[in-house]
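Engineer: here is my input, please return the structure:
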Amino acid sequence: MSVALNAEQATDRNASVSLLLNAGHALDHLVLLIFAAAIGAIAADFGFARWEDLMPYTAGAFFAFGLGSLPAGRLGDTWGRRSMMLVFFFGIGAALLLVALTQDAVQMAVALTLVGVFAAIYHPVGIPMLVQGSARPGRTIGINGLAGNLGIALAALLTGLLVKYAGWRAAFVAPALLAFVLGFFFARVAPEESAPPARRAPAKGELPPRVVARAFAVITIAATSASLIFNFTTNGNGEMLRERMQAIMADPAALGLLLAVAYTIASFAQLIVGRLIDRFSIKRLMLLIVAMQIPLFAGAAYAQGWMFFLLAILFMAFVFGAIPFTDALIVRYVDDRMRSRAAGMRLAISFSISSVAVYLLGPLVKSSGFGFLLLSMAVIAAATFGAAAWLPKTPPH
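Structural biologist: Numbering: from 1, shown residues only. Next up is the predicted model:
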């Protein structure tokens, strides 16, 4: 009886930890996009005539988000993933409160960079912690990806409402309080690790180093180009939607709701792709998903009104649908003892380079318009397709 009870308690605890890790993913993406969703109000408050002129000040957050993944991944493997996740929850909450207290663009840039430092912890630490021992990693990654993208949708909706009714500072305070609550519950339910991952015994059947190296190179190249698209879209969609639908509506809360609807619908693509990864060839699925982005971006470049909104849902579905592949490939090719470090290296390279997208977004749109931006993303998607085609044959799970 006691053995069965202990097993049931362990199952409940694992489910609670998984739930909190998925909630952490939602929070991670939410906090990085609050600024983009509230930038119009912040620019007006800080005395900027155009939102595009304020956009470069958030580049530090995304650069730190990428570069910080390297030490975060190393500490996750060598110090412990549970400890690093506690640093994530409480650190990001404190950093968000600092953002809410800023009084000018320079202070905002510094505080947002600090948010990026703590946000960098989640992907190289939280996802390997979630998938370790998972019998169906594709499904696990898909659910986790859905949670992350729902955080993106929540950022658009929550920020739009808070900016309208409570001011832009409240849009940072609310998720800060949520981070503290999640951190408190995670500290209570997440069990202590017997040993850091780096000190555990190696798994059987490790792949040849040359195969792993080639796969890692492809993963990094594809992830970098995919991150460029992800940053261009998630940081630019709000203003893009405002421009392309200005003849229909101009209310910020209504536009935030439309963007949240688009992200929510598109997010389920990640859940579907995650399930397919466990059943079919990752390489063929990846090539198919990335190939579909190219005509959708090209078509959206010339669309207006509701047609643009429909195409935005479709291209975001395939942008989100491409996200599970990099984590799934790391699970297939890299032993758990060093997955956080491998993910950290990949993220440090891809996110640091793709932070350029955030820096260039405002000036690029100001000089060339959203049509040029969308056509550029079609070209980047073609580069991702080329990298994916070089992927070696995926080993069975």
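Engineer: and the gap between the most centrally placed residue in the chain and residue 113?
Structural biologist: When CA atoms, centre = their mean is applied to the chain, the residue found nearest the centroid is residue 29 (5.1 Å). Relative to residue 113, residue 29 is positioned 17 Å away (CB to CB, to the nearest Å). In short, each C-beta sits where N, CA and C put it, glycine included.
Engineer: likewise for residue 372?
Structural biologist: Counting by CB to CB, the gap from residue 372 to residue 113 is 28 Å.
Engineer: between the two, which has more neighbouring residues?
Structural biologist: A side-by-side neighbour count of residue 372 and residue 113, using other CB atoms under 10 Å, places residue 113 first with 20 against 13.
Engineer: find me whatever residue is spatially closest to that one, sequence neighbours aside.
Structural biologist: residue 60 (3.7 Å; CB to CB, 6 or more residues apart in numbering).
Engineer: ok, then the element right after whichever strand or helix holds the one you found?
Structural biologist: Following DSSP states H and E, one finds residue 60 within helix 59-67. Next in sequence after helix 59-67, counting helices and strands by DSSP H and E, comes helix 69-78.
Engineer: state the mean pLDDT of that following helix.
Structural biologist: For helix 69-78, mean pLDDT is 90.
Engineer: helices or strands up against it?
Structural biologist: helix 81-100, helix 122-131, helix 339-389 (3 or more CB pairs under 8 Å, 6 or more residues apart in numbering; DSSP states H and E).
Engineer: give me whichever of the ones you listed is most buried.
Structural biologist: helix 122-131 (a mean of 26; mean count of other CB atoms under 10 Å).
Engineer: which other helices and strands does that one contact?
Structural biologist: If contacts are counted by 3+ CB pairs under 8 Å, 6+ apart, helix 122-131 sits against helix 2-45, helix 69-78, helix 81-100, helix 137-165, helix 324-333, helix 339-389.
Engineer: restrict the second one to CA atoms and write it as CSV.
Structural biologist: Listed in CSV are the C-alpha atoms of helix 69-78, where the atom choice follows Å, rounded to 0.1, in the frame of the first residue of the first chain:
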residue,chain,number,x,y,z
SER,A,69,22.4,30.7,-22.8
LEU,A,70,26.0,29.5,-22.8
PRO,A,71,26.8,29.9,-19.1
ALA,A,72,23.2,29.0,-18.2
GLY,A,73,23.5,25.7,-20.0
ARG,A,74,26.9,24.9,-18.4
LEU,A,75,25.6,25.6,-15.0
GLY,A,76,22.5,23.5,-15.7
ASP,A,77,24.7,20.5,-16.4
THR,A,78,27.3,21.0,-13.7
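Engineer: now that helix against helix 81-100, angle please.
Structural biologist: Using axes from the mean of the first three to the mean of the last three CA atoms, to 10 degrees, one finds that helix 69-78 and helix 81-100 are set 150 degrees apart in direction.
Engineer: now the longest one
Structural biologist: Between the axes of helix 339-389 and helix 81-100, defined by the same axes, to 10 degrees, the angle is 80 degrees.
Engineer: ok now helix 339-389, how far from the chain's centre?
Structural biologist: 13 Å (CA atoms, centre = their mean, to the nearest Å).
Engineer: mean confidence score for that helix?
Structural biologist: Averaging pLDDT along helix 339-389 gives 82.
Engineer: then the fifth one?
Structural biologist: Summarised as a single mean, pLDDT over helix 324-333 is 82.
Engineer: work out for me the element the closest residue to residue 378 other than its chain neighbours sits within.
Structural biologist: The shortest distance from residue 378 to any non-neighbouring residue, by CB to CB, 6+ apart, is to residue 297 (3.9 Å). Per DSSP H and E: residue 297 is located in helix 282-300.
Engineer: my guess is residue 354 contacts residue 233, does it?
Structural biologist: No. Contact criterion CB atoms under 8 Å: residue 354 and residue 233 do not qualify, at 11.4 Å.
Engineer: before we move on, back to that, in JSON lines: the helices and strands packed on helix 69-78, plus distance to residue 276.
Structural biologist: Formatted as JSON lines, the helices and strands packed on helix 69-78 follow (distance: least, CB to CB, whole Å):
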{"stretch": "helix 81-100", "distance to residue 276": "27"}
{"stretch": "helix 122-131", "distance to residue 276": "17"}
{"stretch": "helix 339-389", "distance to residue 276": "15"}
